[in-house]
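Q: here are the coordinates; sequence isn't available:
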């Protein structure tokens, strides 16, 4: 089979194998003490120290008071949940359908209203340019790229789908 770019057939096989790992349920504590129960499938980016750095920035911005926030690559949804809890009207997106499910589920458990869509920045050929962000302008855009050192165990490593997304656009 010919190379299909950054996400080829062998990558698809690896992604499916990762999905056989157990789903984790964690309690993420934001820097100011708010707790969020998150359900995290194996190919979804979990909260790490970079999440806390961005959480501190959101908290320093103060109450959103209905201003619009877009989180690109929402992963577990931790930052979207925190922003919504601080008064932001949140829309989130991720290319990973398991991240979309994870964020939606965690929002429902927390009784927090956020909109989560599948997709992300990409060429217009992928569909309507607003399909993932909506047509409205946003006052705050959050994008927590997974740039930290990989964990020593393979438990927290992203799958090929997420790695390919970093190269896609």
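A: Yep, it's here. It should be emphasised that the depicted structure is a prediction, and the values quoted were computed from it without experimental measurement.

Q: Can you list the low-confidence ranges for this protein?
A: Within the chain, the segments meeting pLDDT under 70 span 1-7, 122-127, 148-169.

Q: Mind jotting down where the helices sit in this structure?
A: For the chain, the helices defined by DSSP state H occupy 9-18, 49-61, 78-85, 97-110, 160-168.

Q: winner for burial among those helices?
A: helix 78-85 (a mean of 26; mean count of other Cβ atoms under 10 Å). (Each C-beta comes from the backbone N, C-alpha and C, glycine too.)

Q: if we can go back for a sec, among the helices of the chain, which comes closest to residue 31?
A: helix 49-61 (5.0 Å; Cβ to Cβ).

Q: Any chance you could list what contacts the closest one?
A: Residues from elsewhere that reach helix 49-61 (Cβ atoms under 8 Å, 6 or more residues apart in numbering): 28, 30-32, 78-79, 82-83, 86, 88, 140, 142, 144, 147-148.

Q: Now do it against helix 78-85: the angle between them, please.
A: Interaxial angle, helix 49-61 versus helix 78-85 (axes from the mean of the first three to the mean of the last three Cα atoms, to 10 degrees): 20 degrees.

Q: chain center to helix 49-61, what's the gap?
A: 15 Å (Cα atoms, centre = their mean, to the nearest Å).

Q: Over to stretch 81-99?
A: 8 Å.

Q: Quick one: end-to-end distance for it.
A: Taking Cα to Cα, to the nearest Å, stretch 81-99 runs 13 Å from one end to the other.

Q: can you tell me how far the nearest residue to residue 104 once chain neighbours are set aside sits from residue 17?
A: Nearest non-adjacent residue to residue 104, counting by Cβ to Cβ, 6 or more residues apart in numbering: residue 116, 5.0 Å away. According to Cβ to Cβ, to the nearest Å, residue 116 and residue 17 sit 26 Å apart.

Q: And for residue 54?
A: From residue 54 to residue 17 the distance is 30 Å (Cβ to Cβ).

Q: Over to residue 58?
A: Distance from residue 58 to residue 17, counting by Cβ to Cβ: 35 Å.
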